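[1] Structure for the following, please:
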Amino acid sequence: MPAKKSENPKAGLEVQIDPDLRYEQAVKELEKLISDMESGKFSLEETLLAYQRGAALLKHCQGVLAQVEQQVRIFEA
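    Take a look at the predicted model:
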């Protein structure tokens, strides 16, 4: 799970998501992260990193959906 430390140590870790990551790939990775976290096979630190990655993936998916919804509105107009 690639993560980049921010300049501000209080800000924690910033997880970078490839902006070109396809929605379906992001959802698949998010589902795997959730499954792995629920299985209890991660350490506390790994769980935190997985949570941060999952939150970034969720934000990415929401952004992709918002873009698609905007395009649908344009096409319907």
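
[2] what's around the nearest residue to Ala56 once chain neighbours are set aside, how many residues?
    Leaving aside its chain neighbours, Ala56 sits nearest to Val15 (3.9 Å; criterion: Cβ to Cβ, 6 or more residues apart in numbering). No exception for glycine: its C-beta is placed from N, CA and C like everyone else's. Neighbour count for Val15, taken as other Cβ atoms under 10 Å: 19.

[3] wait, doesn't Val15 sit right on Ala50?
    No - in this structure Val15 lies outside contact range of Ala50 using Cβ atoms under 8 Å: 10.1 Å.

[4] Per-residue pLDDT of Lys41, please?
    Lys41 carries a pLDDT value of 89.

[5] which SS class is it?
    coil (DSSP: H, G, I helix; E, B strand; the rest coil).

[6] by contact count, what packs against the lengthiest helix in the chain?
    In the chain, assigned by DSSP state H, the helix with the most residues is helix 44-76. Helix 44-76 sits against helix 23-39, with contacts defined as 3 or more Cβ pairs under 8 Å, 6 or more residues apart in numbering; DSSP states H and E.
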